[in-house]
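Colleague: Prediction below, plus the sequence it came from.
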Amino acid sequence: MTLSALDELSRLVAFDTVNDSRREEQSPECAQYINEKLEQFGFLTETIESEGHFSAFGRRGQGPFKILFLSHLDTVPVGDRWDSDPFRLRLDGDKAYGRGACDDKGNVVSLLLLAEKLKESDPPCSVMIAATGDEEAGGRHGAAVLKDYLVRSGLFPDYVVVADGIDQQIIYRRRNILPTTIKVRASSRRMRGHPETVRFETETFGSQTRHSAYMRPGVDRHAMLTASKFLDLNPYVAVQALRGGFLAARNVVPDWVELDVLRPDESATEIEYDQALTDAMRALLALSQAAFPTKHSDKGKTISPNSLSLEGDLWTLYCDIRAMTNDGESVKKAIQQSLDGKLDVFSLKVLSGAGYVETDPDSLLIRSAKWALGKEGIPTRLIEGFGASDSRFFAGEGCELFDFGPRGGNTHGPNEWVSLSSIEENAGFFYSLLDVLIRKPPAL
């Protein structure tokens, strides 16, 4: 039996594994399918469930060290502007289009191909392969649960290779995610003015990604921040209502935002507006510049306001904050200072997140990865990644790790794609990496 990368990716993309807070629970079918494939190649498997999220896990072999190859099977919601059915793989040359094709089902396929390669061998180590079901919503019911399971079972790995990255680069640093929620109470006021609707759209350079970790202030245009600047330039304008392409996945920047505004005119009819909504939108620019201590990041510190919704009489603003810090309290104080005198805050909650990733580039795992890449003829690049992956749950726990993924693009955006040939190349790289770790050539 020889697995087809195209067939497996088509099958996986067809599973609707959108991680959406509006769904009470996901289907276990995708995780079960992955485990069925792993079992065919001699892996002992288990489907791990946590509050309606399902993760696939398999292991085989034993020896002096344990290595975990970790991917995820959940995806962000679909969004707009697709040129084809996002759940039906579309092939154009080497590019395969579909939701999750690159992030992260192409990586799942690489691990299935790796499992097939291991069927004919008996590596003197413990090899584990997993695909978690909650990475896109923070990992609390995916990687966090898996880590606890491995600790309880005496299977915590010495090495972790996170199959979640892009362009075949070794990602050894990643910023922490510090999820932030701000609530303000709606406040109805009236003023004389002319109503008008203004629309703002997100524009990203070089791709259609909407992943908030990939936003580069100064190059990319964020619809909500652009709307905030509009209000900054028009200080007497008031906001009546707001609409936007807000998705339940909170690490996705809205494609667009519309404001219904009032331009003051004493001769016009008196109309109702929301002072709290006006203040919240006006404060976004200041909020995005909140200053707090953080280690250097090549990608910078980003504060991305990704959704604003009315729940009862409370406006709820969610911000995706990325930085090389684990100090949620300092971030909270900085947010409070940035809003002081601008917004009457009802509540402010900043989660400290799972932590940032920073692996020593001279570690055995990364040196072995460089060796294996050379063997497979894949160029070696060591970089800091944009987002945060499941690797954050294993960082600082005594194991060496890095992230690595296929060539692809438009992550979290429309027309997400992956290179089929790179999926196969990555499976070869993972297999060679195992061989290097087992044999430890003298140069290492």
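Modeller: Yep, it's here.

Colleague: how much distance is there from whichever strand or helix holds Glu49 to the middle of the chain?
Modeller: Of the helices and strands defined by DSSP states H and E, Glu49 is found in strand 44-50. Centroid separation between strand 44-50 and its chain, computed with C-alpha atoms, centre = their mean, to the nearest Å, is 22 Å.

Colleague: Equivalent analysis for stretch 150-170, please.
Modeller: 16 Å.

Colleague: Only alpha carbons, please: show that stretch as CSV.
Modeller: Provided in CSV are the C-alpha atoms of stretch 150-170 (Å, rounded to 0.1, in the frame of the first residue of the first chain):
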residue,chain,number,x,y,z
LEU,A,150,1.4,12.1,28.1
VAL,A,151,2.6,13.1,31.5
ARG,A,152,0.2,10.8,33.2
SER,A,153,1.1,8.0,30.9
GLY,A,154,4.9,8.3,31.3
LEU,A,155,5.1,9.3,27.6
PHE,A,156,6.2,12.9,27.8
PRO,A,157,8.6,13.4,24.9
ASP,A,158,12.2,14.3,24.8
TYR,A,159,11.7,16.0,21.4
VAL,A,160,8.6,17.6,19.8
VAL,A,161,8.4,18.4,16.1
VAL,A,162,5.3,20.5,15.5
ALA,A,163,4.0,20.0,12.0
ASP,A,164,2.5,23.5,11.8
GLY,A,165,4.5,26.1,9.9
ILE,A,166,5.0,27.4,6.4
ASP,A,167,7.6,27.4,3.6
GLN,A,168,9.7,24.5,5.1
GLN,A,169,11.4,26.7,7.6
ILE,A,170,12.6,25.7,11.1
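
Colleague: so where do the strands sit in the stretch 101-250 of the chain?
Modeller: 126-132, 159-162, 170-174, 176-177, 180-185, 188-201, 238-244 (DSSP state E, counting those that start in this stretch).

Colleague: would you turn these into JSON lines with mean neighbour count, mean pLDDT and distance to Met215?
Modeller: The way it works is simple: take the backbone N, C-alpha and C, and place the C-beta from them, glycine included. Listed next are these as JSON lines, based on neighbours: other C-beta atoms under 10 Å; pLDDT from 0 to 100; distance: least, C-beta to C-beta, whole Å:
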{"stretch": "strand 126-132", "mean neighbour count": "27", "mean pLDDT": "98", "distance to Met215": "24"}
{"stretch": "strand 159-162", "mean neighbour count": "27", "mean pLDDT": "98", "distance to Met215": "22"}
{"stretch": "strand 170-174", "mean neighbour count": "24", "mean pLDDT": "96", "distance to Met215": "15"}
{"stretch": "strand 176-177", "mean neighbour count": "26", "mean pLDDT": "94", "distance to Met215": "14"}
{"stretch": "strand 180-185", "mean neighbour count": "20", "mean pLDDT": "98", "distance to Met215": "15"}
{"stretch": "strand 188-201", "mean neighbour count": "14", "mean pLDDT": "97", "distance to Met215": "14"}
{"stretch": "strand 238-244", "mean neighbour count": "19", "mean pLDDT": "97", "distance to Met215": "16"}
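
Colleague: neighbouring contacts of the helix or strand following the strand holding Glu49?
Modeller: As assigned by DSSP H and E, the chain's next helix or strand after strand 44-50 is strand 53-60. Contact with strand 53-60 is made by 19, 25-28, 30-32, 34-35, 38-39, 41-49, 73-74, 115, 118, 126-134, 141-142, 145-146, 149, 155, as judged by C-beta atoms under 8 Å, 6 or more residues apart in numbering.

Colleague: For ChimeraX, what selects the buried ones among those?
Modeller: To isolate the buried subset of the contacts of strand 53-60 in ChimeraX, counting by 16 or more other C-beta atoms under 10 Å, use the following:
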select :19,26,28,30,31,34,35,38,41,43,45,46,48,49,73,74,115,118,126,127,128,129,130,131,132,133,134,141,142,145,146,149
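
Colleague: quick one: the strand holding Glu49 to strand 126-132, angle?
Modeller: 40 degrees (axes from the mean of the first three to the mean of the last three C-alpha atoms, to 10 degrees).

Colleague: Tell me the strands beside strand 44-50, with direction?
Modeller: Strand 44-50 has the following strand partners under DSSP bridges: strand 53-60 (antiparallel).

Colleague: Alright, calling it a day.
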